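A.B. asks: Please work out how this folds:
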Amino acid sequence: MDKIAKKSPDNHKNVTGSNDFNSLVSKLIKKTSTRFDKYVLEDDVVLVSDFVNIDKLENKSKLGFLLSEHLKDALLNKNIIVRQVELSENFTFGESGLNLLTRNQKDITKKTVDGKFAVVGTYTITTETLIVFIKLIDVNNGNILASANSSTSIDDEILELEGIKKGKEISLPPQMIL
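C.D. replies: Have a look, this model is predicted:
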């Protein structure tokens, strides 16, 4: 029964058992769609950087880059103008891309980033689950205008994309008592 649950549509797995990151991100966009439509106008530019692991506030993994690419694709499919942010003092460059690493609104100003809105993606990995969050943020005042989360069970593919190598289990023979 465990295998059936892991392959359910809400768990964002394909029939083969591989991860369906497009489904995961599309669910986030669907959850925030009404709020996006309310705030983001036709000419507005939305800034997007790579997803950041909230446990480290950095991204040196393929997972953050992959989630970001799916997010940009989903936003573009909603006819939202997307701009990948450039490196500045408010961003850090990881092996997989650019990351917004501040929660301090005064560090994020229109002067620094040329756009009215930013979609910030974060994620965390628990012992059994990948939890992904997105927030639509007004860059001018730091207000969070929309937020959503979704999750899927972790597997070897997610761990590998995050750069976490699953350790090999060492099987020791039972101890002999004499």
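
A.B. asks: which parts of stretch 12-28 are buried?
C.D. replies: 12, 13, 19, 20, 21, 23, 24, 25, 26, 27, 28 (16 or more other Cβ atoms under 10 Å). Quick note: C-beta positions are derived from backbone N, CA and C, even for glycine.

A.B. asks: ugh, typo on my part, it should be stretch 157-164
C.D. replies: Buried residues in stretch 157-164, counted by 16+ other Cβ under 10 Å: 158, 161, 162.

A.B. asks: For residue 67, state which of those residues is nearest.
C.D. replies: residue 161 (9.2 Å; Cβ to Cβ).

A.B. asks: who does the one helix or strand the closest one maps to touch, helix- and strand-wise?
C.D. replies: Assessed by DSSP states H and E, residue 161 sits inside helix 156-162. When contacts are defined as 3 or more Cβ pairs under 8 Å, 6 or more residues apart in numbering; DSSP states H and E, helix 156-162 sits against helix 62-77, strand 117-125.

A.B. asks: Now mean neighbour count, mean pLDDT and distance to residue 45 too, for these, in TSV please.
C.D. replies: What follows is the helices and strands packed on helix 156-162, written out as TSV (neighbours: other Cβ atoms under 10 Å; pLDDT from 0 to 100; distance: least, Cβ to Cβ, whole Å):
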stretch	mean neighbour count	mean pLDDT	distance to residue 45
helix 62-77	20	93	11
strand 117-125	21	91	8
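
A.B. asks: I'd like to know which of those lies nearest to residue 32.
C.D. replies: Residue 32 lies closest to strand 117-125 among the helices and strands packed on helix 156-162, at 8.8 Å (Cβ to Cβ).

A.B. asks: if we can go back for a sec, now the helices and strands packed on helix 156-162 in CSV, please, with extra columns for distance to residue 53.
C.D. replies: Putting these into CSV (distance: least, Cβ to Cβ, whole Å) gives the following:
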stretch, distance to residue 53
helix 62-77, 7
strand 117-125, 6
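
A.B. asks: circling back to that earlier point, just the buried residues of stretch 12-28: which has the poorest pLDDT?
C.D. replies: Going through the buried residues of stretch 12-28 one by one, the lowest pLDDT turns up at residue 13, 81.

A.B. asks: what is it paired to in the beta sheet?
C.D. replies: For residue 13, the beta-bridge partners are residue 19 (DSSP bridges).

A.B. asks: My guess is it contacts residue 152. True?
C.D. replies: Yes - counting by Cβ atoms under 8 Å, residue 152 is a contact partner of residue 13 at 6.9 Å.
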